[in-house]
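Visitor: Give me the fold of what follows.
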Amino acid sequence: MSRIGRKAIFLPKGTTVTVREDKIVVKGTRGELDTPLMPGISVSIDDGKVLVSRADDEKQTCAWHGMTRALIANMVTGVTDGFQKTLEIVGVGWRAQMQGKKLVLSLGYSHPVEYEPPQGIEIAVENPIKFVVKGIDKQAVGEVSAVIRSYRPPEPYHGKGIRYSDEHVVRKAGKTGAK
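Guide: Predicted coordinates:
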């Protein structure tokens, strides 16, 4: 039996979970999220707890059991607290700024890189080399952060690039010059 799938999800005040025939909807103070309900998985709500159970021990059903519980837990966290990822820019003269809703990055290319976030994602520039991606959907926040990071991933020799604030870049030694 899945250890993750068996765990109960406790609902904070102001958060509701609704189970329909084909999807699960979570509403909270920050918004509303939904996810499809997989076959063989059932979700029950009682006393402010959400419990996920499965019909059989098929391999695919076991995988969906833990995944469904994790998705619901992430949706509950998202609609109550939200998710955020902080990114930093390392490089001389490289910077980030907001122009309206667009994030404009100067990353040493001949032109600035512009990124417009999708619906439900907010980007806040704290200072020219640090910005935060925020939203209620964990997957969307991670995907937007990864796309922005991919414009200039950190390189191992000088450490320049866009990195997560808690990321450690393994540095390599350059040429030694000794023969």
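
Visitor: average model confidence for stretch 98-115?
Guide: For stretch 98-115, the mean pLDDT works out to 95.

Visitor: what sits up against it?
Guide: Under the criterion Cβ atoms under 8 Å, 6 or more residues apart in numbering, residues 89, 91, 93-97, 116-117, 123-125, 131, 147-148, 151-152, 162 lie in contact with stretch 98-115. For every residue, glycine as well, the C-beta is placed using N, CA and C.

Visitor: Can you say which of the residues you listed are buried?
Guide: Buried members of the contacts of stretch 98-115, scored by 16 or more other Cβ atoms under 10 Å, are 89, 91, 94-96, 117, 123, 131, 148, 152, 162.

Visitor: Which pair of those residues spans the longest distance?
Guide: Using Cβ to Cβ, the buried ones among the contacts of stretch 98-115 span at most 22.1 Å, a distance reached by G91 and P117.

Visitor: Report whether the expected contact of Y151 with I162 is present.
Guide: Yes. The pair Y151 / I162 is scored as a contact, 6.4 Å apart, by Cβ atoms under 8 Å.

Visitor: Tell me the pLDDT of the closest residue in space to D22 that isn't next to it in sequence.
Guide: The spatially closest residue to D22, leaving aside those adjacent along the chain, is L37, at 5.8 Å (Cβ to Cβ, 6 or more residues apart in numbering). Note for L37: predicted pLDDT of 92.

Visitor: do the one 5 residues further on as well
Guide: At S42, the model reports a pLDDT of 92.

Visitor: so what's it up against?
Guide: So S42 contacts 52-55 (Cβ under 8 Å, 6+ apart).

Visitor: again, only this time at 7 Å
Guide: Applying Cβ atoms under 7 Å, 6 or more residues apart in numbering, we find S42 in contact with S53.

Visitor: That one sits in which helix or strand?
Guide: In this assignment (DSSP states H and E), S42 forms part of strand 41-46.

Visitor: Checking my notes, R30 in a helix, right?
Guide: No. Counting by DSSP: H, G, I helix; E, B strand; the rest coil, R30 falls outside a helix, being coil.

Visitor: wait, isn't it in contact with I136?
Guide: Yes. R30 lies in contact with I136 (Cβ atoms under 7 Å); the separation is 5.0 Å.

Visitor: more neighbours, those two?
Guide: Ranked by neighbour count (other Cβ atoms under 10 Å), R30 and I136 place I136 first, with 25 against 16.

Visitor: For the residue nearest to the more buried one when sequence neighbours are not counted, the count of nearby residues, please.
Guide: Once flanking residues are discounted, I136 sits nearest to G78: 4.0 Å by Cβ to Cβ, 6+ apart. Other residues within reach of G78, judged by other Cβ under 10 Å, total 23.
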